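Visitor: fold the following.
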Amino acid sequence: MKRSASAVWQGDLKAGKGTISTASTVLKDTQYSFSTRFENGAGTNPEELIAAAHAGCYSMALSAALAGAGFTPDRVATQAVVSLEQVQGGWSITAVELQLDAKVPGIDQAKFEELAQDAKKNCPVSKVLNAEISLRTNLQA
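Guide: Take a look at the predicted model:
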């Protein structure tokens, strides 16, 4: 048996404010903070919380990577899709798919891909899961 959930984060990376949308809820214009936002329960089930945490965390990690390289994105939206499988009577996260949509002036595709992969490795939420994390990017001109 398998199940999945997704969440999308998009917003103002400089201010760290944005909107997180899951199937259960939409949170708008509140400061992104993993420790407060998700401990207080943004969604109604654990996989939504994990998806929301990945979407927000990855967006912040990418923002830091871009800023460190001298780029300022106009827009970044990250969707995280979390897949779970039942293993020995309990649910286990088996995969996280990050889908990134961004507009970053002055960057070429190769540099953007490199920074996006670096951000994936540096996202604290990703480090705690024993799951395959894939990344698809869409860089707009």
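Visitor: any weak-confidence spans in this structure?
Guide: 1, 9-46, 130, 141 (pLDDT under 70).
Visitor: going along the chain, name the strands of it.
Guide: 2-12, 17-22, 26-31, 75-87, 90-103, 132-140 (DSSP state E).
Visitor: make TSV from those strands and add mean neighbour count and distance to Glu47 to it.
Guide: (Glycine included, C-beta is placed from N, CA and C.) Shown next, in TSV, are the strands of the chain (neighbours: other CB atoms under 10 Å; distance: least, CB to CB, whole Å):
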stretch	mean neighbour count	distance to Glu47
strand 2-12	19	4
strand 17-22	20	9
strand 26-31	12	17
strand 75-87	19	5
strand 90-103	18	8
strand 132-140	14	15
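Visitor: Lys111 is nearest to which of the ones you listed?
Guide: Lys111 lies closest, by CB to CB, to one member of these: strand 132-140, at 9.8 Å.
Visitor: what's the offset of that closest one from the middle of its chain?
Guide: 10 Å (CA atoms, centre = their mean, to the nearest Å).
Visitor: ok and it relative to strand 90-103, angle-wise?
Guide: 20 degrees (axes from the mean of the first three to the mean of the last three CA atoms, to 10 degrees).
Visitor: what's the separation between Val128 and Ile50?
Guide: Distance, Val128 to Ile50, by CB to CB, to the nearest Å: 10 Å.
Visitor: then Gly89?
Guide: 19 Å.
Visitor: who has more neighbours, those two?
Guide: Ile50 (23 against 5; other CB atoms under 10 Å).
Visitor: Asp118 against Ala64, yeah?
Guide: No - contact criterion CB atoms under 8 Å: Asp118 and Ala64 do not qualify, at 9.6 Å.
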